[in-house]
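Asks: build me a model:
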Amino acid sequence: MKSRFRWPLTASVLIIAVAFGIWAAFFRGPSEKCKPVVDILEFNHAQAAKVSEQPADPNNPVPTQAEDLIYQQWADGLAERSQKVSDPGLQVQAIQLAQLASEFAAGLPGVRAAVQHRAPGAPPPPEVLGMFALNQRIADQLQQLSQACKS
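Replies: Below you'll find the predicted structure:
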């Protein structure tokens, strides 16, 4: 009589253990060290959506003075969130990202001035090319953080 109940009990325990293992491996979410990084990535995504909502001027691709505030809020938000990253390796990357974002936001007025004083048909001013390079460095940092904490 005892062996008849042992098999269902053993099978039930095994099923629960396997289910817990699958849940822990795939559905538990980010590790504690990655939660602040995920917050950074989600914030960045939300801010990118805010920027995309702004009406675009095909004749002037440089953000307006009013849009500077959105970029400054983005940079400030990244700086605030980067301070919450406690893992040393991830913290360095998060702080670098925040510094790059701050540089980007601070550089917008200079880019706008350079574009406004450019002769029609002239090549883009060096400030624009510098911002493209800065934007690429930001994208690279975001990609590195995403790869380090992909779930």
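
Asks: name the SS class of residue 63, please.
Replies: When classified by DSSP: H, G, I helix; E, B strand; the rest coil, residue 63 comes out as coil.

Asks: now for it: which residues touch it?
Replies: Going by Cβ atoms under 8 Å, 6 or more residues apart in numbering, residue 63 touches 51, 54, 70, 71, 108, 112. Heads up, the C-betas are built off the backbone N, CA and C, glycines and all.

Asks: any of those buried? List them.
Replies: 70, 71, 108, 112 (16 or more other Cβ atoms under 10 Å).

Asks: identify the residues contacting the first one.
Replies: Translated: residue 70. Residue 70 makes contact with 47, 50, 51, 54, 63, according to Cβ under 8 Å, 6+ apart.

Asks: residue 95: how many residues sit nearby?
Replies: For residue 95, the neighbour count with other Cβ atoms under 10 Å is 16.

Asks: please name the nearest non-neighbouring residue to the residue nearest the centre of the chain.
Replies: When Cα atoms, centre = their mean is applied to the chain, the residue found nearest the centroid is residue 41 (2.8 Å). Distance criterion Cβ to Cβ, 6 or more residues apart in numbering; nearest residue to residue 41, sequence neighbours excluded, is residue 146 at 5.9 Å.
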